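>>> I would like to see how this sequence folds:
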Amino acid sequence: MKFLWFRCDIIIPSTALAVFVVLLALLGFIIKKELEGSENTERHCSMAEEALTSHEKFKSEGHTAFVLGYTGEVGKVLVEELNDLKLFKKVVLIGRRQIPLNLGPEFEQKVIDFENIDEHKDVFENLDIGFCCLGTTRAKSGVQGFIRVDHDYVLLAAEIAKAQGCKHFSLVSSQGADKNSSFLYPRTKGQVEEALKVMHFNRLSIYRPGVLMCDRQESRPMEAAVRVVLKPLSYFFPTAITTPVQIMARAMINNAISSTNISTELYDNKAIHQLSGISKGCSNLKRSLSAPESTKTK
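You can find the predicted model right below:
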């Protein structure tokens, strides 16, 4: 059968075969990622287990924290977790606008102008732990806007936070971050990671999650389509290429609670799952005892 000059009897089967081969290769890649081990699995799982038994001790130490990017998908869940766990005597939520929140009395919202962040140094004063979930997209903000937020704002805030007493800085970066990449997104993330390393925080924790699984309020059709495809895969292969935002948030909190003598820590997607304590990443942990019902992956 021909349609115009196309031989449909040849093209359709050939295309179907090519799609099948690509899907088979993709499935093989995902299975490999799911099954491959991690050299630090035992340490990450131990840190998660330690965190679960150290809540009261951590609370008694009177730690204070700040959250940058608390209106984003990871930031929102992180704040919810912090509110449920009541681990910090004070948590300052730093952003460009004030939003209605129903949180405990230990939370404060501070509105700052990131373009003139030097004028807001006092906001970061005496906050010893920082969580940075700040970020935008090229589609939303343009190239310069993306660089300004994901690179400049993050580094300016980190510099001031360190000068004002921050000991442990945690950054949500991206899988594939590489300062030498030809692509804008991974290159920018990689450059930020490298710049943070030379600031010499007492502890620097960098997280490189996979595709973040969440129900965004903001319309991002392409991301939504990708998540629809990945959702069934994430059920069968949870640690391969996806990261539920609950997993991301709990991993950051567990890491902040646990003790380590490593000054710069880099956590890939599998490590994030292991560190969370509520993922299948650590089969030896009893998930029913590891976290409140509100924090378990649905």
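
>>> For the rest of this, base every contact and every neighbour count on C-alpha atoms.
OK.

>>> show me where pLDDT drops low in the stretch 101-250 of the chain?
Applying pLDDT under 70 to the stretch 101-250 of the chain flags the ranges 215-227.

>>> who touches stretch 184-199?
For stretch 184-199, contacts defined as C-alpha atoms under 8 Å, 6 or more residues apart in numbering pick out 147, 150-151, 154-155, 158-159, 173-181, 204, 206, 264.

>>> Mind giving me the ChimeraX command for buried ones among those?
Buried subset of the contacts of stretch 184-199, written as a ChimeraX selection, criterion 16 or more other C-alpha atoms under 10 Å:
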select :147,150,151,154,155,158,173,174,175,176,177,178,179,204,206,264
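
>>> any chance you could map the strands in the chain?
2-3, 6-7, 64-68, 90-95, 107-111, 129-132, 168-172, 203-207, 211-213, 242-244, 264-267 (DSSP state E).

>>> Need the mean per-residue confidence for the second one.
I take that to be strand 6-7. Strand 6-7 shows a mean pLDDT of 58.

>>> neighbours around the nearest residue to Ser259 once chain neighbours are set aside, how many?
Leaving out its chain neighbours, the residue that sits closest to Ser259 by C-alpha to C-alpha, 6 or more residues apart in numbering is Met47, at 7.7 Å. Neighbours of Met47 under the rule other C-alpha atoms under 10 Å: 23.

>>> circling back: show me the contacts of stretch 184-199 that map onto helices.
Ile147, Val154, Leu155, Ala158, Glu159 (DSSP state H).

>>> Tell me which two in those residues are the farthest apart.
Ile147 and Glu159 (17.0 Å; C-alpha to C-alpha).

>>> who touches Ala249 in this structure?
By C-alpha under 8 Å, 6+ apart, the neighbours of Ala249 are Val74, Gly75, Val77, Leu78, Glu81, Ser276.

>>> For Ala251, see how far away the fifth one is.
Meaning Glu81. From Glu81 over to Ala251 the distance is 11 Å, taken as C-alpha to C-alpha, to the nearest Å.

>>> Tell me which of these two has more neighbours.
Shown here are Glu81 and Ala251; by other C-alpha under 10 Å, Ala251 has more neighbours (28 against 19).

>>> Helices of the chain, start to end?
Using DSSP H, helices in the chain cover 8-35, 41-52, 55-60, 73-85, 138-147, 154-163, 184-197, 221-236, 245-257, 269-276, 287-290.

>>> Which among the ones you listed is found nearest to Glu106?
That would be helix 73-85 among the helices of the chain, by C-alpha to C-alpha, at 8.7 Å.

>>> which strands and helices sit next to the closest one?
Under the contact criterion of 3 or more C-alpha pairs under 8 Å, 6 or more residues apart in numbering; DSSP states H and E, helix 73-85 touches strand 64-68, helix 245-257.

>>> now the ones you listed in JSON lines, with distance to Thr53?
Formatted as JSON lines, those follow (distance: least, C-alpha to C-alpha, whole Å):
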{"stretch": "strand 64-68", "distance to Thr53": "20"}
{"stretch": "helix 245-257", "distance to Thr53": "10"}
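
>>> of those, which approaches Ala25 most closely?
Per C-alpha to C-alpha, nearest to Ala25 of the helices and strands packed on helix 73-85: helix 245-257, 27.3 Å.

>>> now the closest one and strand 168-172, what's the angle there?
Comparing the axes of helix 245-257 and strand 168-172 via axes from the mean of the first three to the mean of the last three C-alpha atoms, to 10 degrees yields an angle of 160 degrees.
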